[in-house]
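Enquirer: here you go, sequence then predicted model.
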Amino acid sequence: MARVLIVDDSPSQLMGMKRIIEKLGHETLTAEDGALGVEVAKKELPDLILMDVVMPNLNGFQATRAISKEATTAHIPIVLVTTKDQETDRVWGMRQGAKAYLTKPVNESQLIKTVKELLPAA
């Protein structure tokens with residue numbers, strides 16, 4: 001069982017992704033904004049992070065950059081899950097250190113496929 005951190009300021013999005021991840025048998029951690037997401041990532045060292053982009057305090061791009069540049073958290077794969085669907089957003093997100101980029105509304109089977117690809121085999 002892996003531990004997945006879900007960072008999203010929308011309670012409904014948070015609960016939706018939490019349900020999908022827990023259905024796969026994984027434990028979930030949550031954070032409501034980017035700054036808290038970075039804090040939880042450093043403290044808990046999850047196996048994977050699902051990160052929204054448009055959030056208060058620290059946006060998902062900034063939080064992804066902070067996590068991927070920090071020595072203790074750089075190994076954690078980050079999936080950006082966002083409404084920002086422009087190619088420039090995708091390119092920028094990947095440059096910040098994301099391993100995958102999914103757009104909302106997130107397709108459940110695509111999310112499951114991405115999670116399975118990025119999680120170390122348990």
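Expert: Thanks, I have the structure now. Numbering: from 1, shown residues only.
Enquirer: dihedrals phi and psi, the most centrally placed residue in the chain?
Expert: In the chain, the residue lying closest to the centroid (CA atoms, centre = their mean) is residue 50, at 1.6 Å. Note on residue 50: its backbone torsions stand at phi -100, psi 120 [degrees, to the nearest 10].
Enquirer: again with residue 95
Expert: phi -70, psi -20.
Enquirer: do the same with the one 5 residues further on
Expert: Residue 100 has phi and psi values of phi -150, psi 160 when expressed as degrees, to the nearest 10.
Enquirer: any buried residues in the strand or helix carrying residue 17, and which?
Expert: Element membership for residue 17 (DSSP states H and E) is helix 11-23. For helix 11-23, a neighbour-count test (16 or more other CB atoms under 10 Å) marks 13-14, 16-18, 20-21 as buried. For glycine as for every other residue, the C-beta is placed from the backbone atoms N, C-alpha and C.
Enquirer: then stretch 102-109?
Expert: For stretch 102-109, using 16+ other CB under 10 Å, the buried residues are 102-104, 106.
Enquirer: what's the average pLDDT for that stretch?
Expert: Average pLDDT, stretch 102-109: 95.
Enquirer: what do you get for stretch 58-71?
Expert: So the average pLDDT for stretch 58-71 ends up being 98.
Enquirer: follow-up on the earlier one: who touches the helix holding residue 17?
Expert: Helix 11-23 has contacts (CB atoms under 8 Å, 6 or more residues apart in numbering) with 4, 6, 8, 28, 30, 32, 50, 52, 81, 104, 106, 108, 111-112, 115.
Enquirer: narrow those to those in strands?
Expert: 4, 6, 28, 30, 50, 81 (DSSP state E).
Enquirer: just want the angle from the host helix or strand of residue 43 to strand 3-7.
Expert: For residue 43, the host element (DSSP H and E) is helix 34-44. Orientation check (axes from the mean of the first three to the mean of the last three CA atoms, to 10 degrees): helix 34-44 against strand 3-7 gives 170 degrees.
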